[in-house]
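Engineer: need a structure here:
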Amino acid sequence: MDVKSNHSPPVLSDPIPISKSKLSIHSNLLPYPQSGPTFSSGKYIGISRKKPGKLDDVRSNGWLDAMISSSPPRKKLNKDIGVEVPSDDIDVAYGSWMLKYPSALNSFEQITNFARNKKIAVFLDYDGTLSPIVDDPDLALMSDDMRLAVRNVAKCFPTAIISGRSCEKVFELVGLTELHYAGSHGMDIMGPISKRMSSDHLNCIESTDQQGKTVNLFQPAREFIPMIDEVFRALVENTKGVKGAKVENHKFCTSVHYRNVEEQNWPVIGQRVHDILKEYPRLRLTHGRKVLEIRPVIDWNKGKAVEFLLESLELNDSDDVLPIYIGDDRTDEDAFKVLREGNRGYGILVSSMPKETNACYSLKDPTEVMKFLKSLVTWKKLVEYP
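Structural biologist: Predicted coordinates:
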């Protein structure tokens, strides 16, 4: 059944079982190119000091178009209430879009009807999902009410946060020990990794968390840490002259935010990143919402992280499990795609603007996300204690 049909809301039927052998997580990691930078004897490669290339580079290779398309449409200021709101045209387009991706709140009964007699697993992005999008990423704080809602969900269902931020940073922001965490777009997973999985995967290690407890980590891109550190330093140096640019090191990837950069300077930011990244063929660029993200060239993303966590939690029997993934960014599309293609669960896109997506449902903003999470908890209690 086409779950994106305009004539009926998405319904899962006849889920296709995903066997553990089908995941083949470790073997799915792409072999690293033989050419390009490598590390030996603990020495770093010298950072390129070439002058920035012509701005024609980022125009001809499509980077600039991607930077623009990944940015939300402009909003207008409603002077009566003093806040930005979508224009009338966007409102109309959004209404039409919701016929294809209906509200998860309005469709809640349909979702829970399918979830009956199944184990629900909840996966959440952080920025734009649990916290609002703000100009300074360091100030993207979730409210106390949202934290309580997430804690209550985690008491009812296995729950994980999968973020582009480093695992340590997102744990610091969320501060809940009841959850499982996957940072760097799933390349740094802190959670319940079984002994069997630890022996199967070379990148599973034991570590100590901030509270001194022993935790299991899965880090498929661990060998890239020195390279990411070097690129981070180069990006900080090469973008410091662009007002509003902010570079973050997420351990296994690095981000260049241009949310506070004047739009006429976006090509400059794109070109500076391009000039550095072309020296590192083992790294690739992905586009997020007003952010350029540099990641290792391995076959790993948030979708793979969802599969890994389901397997490690022994929840990969799709006849008995319903994963729900809520996220707002392009990087969440990999997770939506995994759930849609396997007909395994529901992806819910958080957006107040129409976007093409692999999700089945939508929510407008973190406030609606919190309502949805609270509704899940209430439903769970009613099912257990009718």
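Engineer: got any ranges where the stretch 101-250 of the chain has weak pLDDT?
Structural biologist: Along the stretch 101-250 of the chain, the parts satisfying pLDDT under 70 run over 191-216.
Engineer: Please enumerate the helices of it.
Structural biologist: Remark: helices assigned in the stretch 101-250 of the chain by DSSP state H, counting those that start in this stretch are 108-115, 144-156, 167-174, 195-200, 225-239.
Engineer: Quick one: closest of these to residue 138.
Structural biologist: Judged by C-beta to C-beta, the one of those that comes nearest to residue 138 is helix 167-174, at 9.3 Å. No exception for glycine: its C-beta is placed from N, CA and C like everyone else's.
Engineer: Dump the closest one to PDB, keeping only the CA atoms.
Structural biologist: In PDB, the C-alpha atoms belonging to helix 167-174 read as follows (Å, rounded to 0.1, in the frame of the first residue of the first chain):
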ATOM      1  CA  CYS A 167      26.900  12.300  22.400                       C
ATOM      2  CA  GLU A 168      28.400  14.200  25.400                       C
ATOM      3  CA  LYS A 169      26.800  17.500  24.400                       C
ATOM      4  CA  VAL A 170      23.300  16.100  23.800                       C
ATOM      5  CA  PHE A 171      23.500  14.200  27.100                       C
ATOM      6  CA  GLU A 172      24.500  17.400  28.800                       C
ATOM      7  CA  LEU A 173      21.500  19.200  27.300                       C
ATOM      8  CA  VAL A 174      19.000  16.500  28.000                       C
END
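Engineer: which helices and strands does that helix pack with?
Structural biologist: strand 180-183, strand 188-191 (3 or more C-beta pairs under 8 Å, 6 or more residues apart in numbering; DSSP states H and E).
Engineer: just checking, what packs against the host helix or strand of residue 379?
Structural biologist: Assigned by DSSP states H and E, residue 379 falls within helix 366-384. With contacts taken as 3+ C-beta pairs under 8 Å, 6+ apart, helix 366-384 sits against helix 108-115, strand 119-124, helix 144-156, strand 346-350.
Engineer: ok, now with 7 Å
Structural biologist: Under the contact criterion of 3 or more C-beta pairs under 7 Å, 6 or more residues apart in numbering; DSSP states H and E, helix 366-384 touches helix 144-156.
Engineer: how about the helix it packs on: buried residues?
Structural biologist: For helix 144-156, the buried set under the neighbour-count rule, 16 or more other C-beta atoms under 10 Å, comprises 146, 147, 149, 150, 151, 152, 153, 154, 156.
Engineer: My understanding was that the fifth one contacts residue 178; is that so?
Structural biologist: Yes - here residue 151 lies in contact with residue 178, judged by C-beta atoms under 7 Å, at a distance of 6.0 Å.
Engineer: The nearest residue to residue 246 once chain neighbours are set aside: what's it in contact with?
Structural biologist: In space, and not counting its chain neighbours, residue 246 is closest to residue 257: 4.3 Å by C-beta to C-beta, 6 or more residues apart in numbering. Contacts for residue 257 (C-beta atoms under 7 Å, 6 or more residues apart in numbering) come out as 137, 246, 290, 291.
Engineer: now do residue 359
Structural biologist: Counting by C-beta under 7 Å, 6+ apart, residue 359 touches 101, 336, 347, 348, 349.
Engineer: Look up phi and psi at it.
Structural biologist: phi -70, psi 160 (degrees, to the nearest 10).
Engineer: Next one, pLDDT for it please.
Structural biologist: pLDDT recorded at residue 359 is 98.
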